[in-house]
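>>> following is a predicted model, sequence given first.
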Amino acid sequence: MKVKGLLGAILLNLLMALIEFIGGILSGSLSLISDALHNVNDVFSLVISYVAEAISKNKKSNSTHTYGYRRVEILSALLNGVLLLLIFVFLISEAIQRFKVPAKVDGVQTIIIGFIGLIGNILGAYFIHEDAHHNLNIKGAFLHLISDAFSSVGVIIGAILILMYNLYIADTIISLVIAGFIFYSAFGLIKDTLHILMEGTPRGIDIKTIEDTILKVPGVRGVHHVHVWQISSKDYLLSAHIVLDNQMISSAENITSQIKNLLEENFEINHSTLEVELEGEKKECQCEY
């Protein structure tokens, strides 16, 4: 993780959120306040990503946490998703009030701050785009920044409609669109984190393909009880029973070593436990690799 890029994105988003929030209050624009809250959540996501990464690296595994603290990343991502849902509920309730009692919005202030927010979101996304491929929290923040950029475009369009036609309702409609983006992001993030916490098969991993790959290794006659799960964005784990030809038991260690290398190269599974069985025997050979 590039610390400078991450810190740059945090400071930039914090500044954008402050500008948009103050601008939203002064101009009366709910869409700017919506975008500001989304930016605040991005800041939170980036901060907890940095903290989670630091904890997982510095806090080593021990007798009570044998996998270390790498799940902190997933738990923080889940918390981020829940906070997004709370922001969604707040924006919906505010929008309903605006529909009941329309408020005037300063179009000039809104459009200027909207452009500032657009530039800030694009720069923030650029700072962290590389790390978004390797960290679930960073990926979530990156996607939020992209959606924020589209939200800023919506804010600008709404401000133009206000300036040209005094269409104040446009600001409320734009805030609802932003709320929709927030709900979509929250739903996806919560779904992904719950899938990991429930030890589901990692996205993009096909058990049948793994079994076929293992069966191609010379000496392997069968494979079953295959389980694949993950404890963080980068840590994939596997356990399986491997059936070997009776004549290959002396080569069991070499065969399991080949399998582990294939699993890491083809599926990025960096921790695998393989239990060896002999072909035609009911009992296992008590070999675990």
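Yes, it's here.
>>> worst-scoring helix or strand of this structure, pLDDT-wise?
One helix or strand of the chain scores below all others by mean pLDDT, DSSP states H and E: strand 284-288, with a mean of 55.
>>> tell me the mean pLDDT for the helix or strand where Asn254 lies?
Assigned by DSSP states H and E, Asn254 falls within helix 252-267. When pLDDT is averaged over helix 252-267, the result is 93.
>>> which of the residues in it are buried?
252, 255-256, 258-260, 262-263, 267 (16 or more other CB atoms under 10 Å). For the C-beta atoms, the positions are set from N, CA and C on the backbone; glycine is no exception.
>>> just stretch 92-103 next, same as before
Across stretch 92-103, burial judged by 16+ other CB under 10 Å covers 92, 94-95, 98.
>>> what does stretch 62-77 give?
Here stretch 62-77 shows 68-74, 76-77 as buried, counting by 16+ other CB under 10 Å.
>>> okay if I get the buried residues of stretch 92-103 as TSV plus pLDDT and secondary structure?
TSV is the format used below for the buried residues of stretch 92-103 (pLDDT from 0 to 100; DSSP: H, G, I helix; E, B strand; the rest coil):
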residue	pLDDT	secondary structure
Ile92	92	helix
Glu94	88	helix
Ala95	89	helix
Arg98	87	helix
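>>> which residue ranges make up the domains of the protein?
3-197, 207-288 (automatic domain parsing).
>>> so of these, which one's packed in deepest?
Sort those by mean neighbour count, taking mean count of other CB atoms under 10 Å, and domain 3-197 sits at the top with a mean of 20.
>>> out of the buried residues of helix 252-267, which is nearest to Gly154?
Lowest distance from Gly154 to the buried residues of helix 252-267 (CB to CB) belongs to Phe267, with 40.1 Å.
>>> I figured the closest one hits Val226, correct?
No - using CB atoms under 8 Å, Phe267 is not in contact with Val226; the gap is 11.5 Å.
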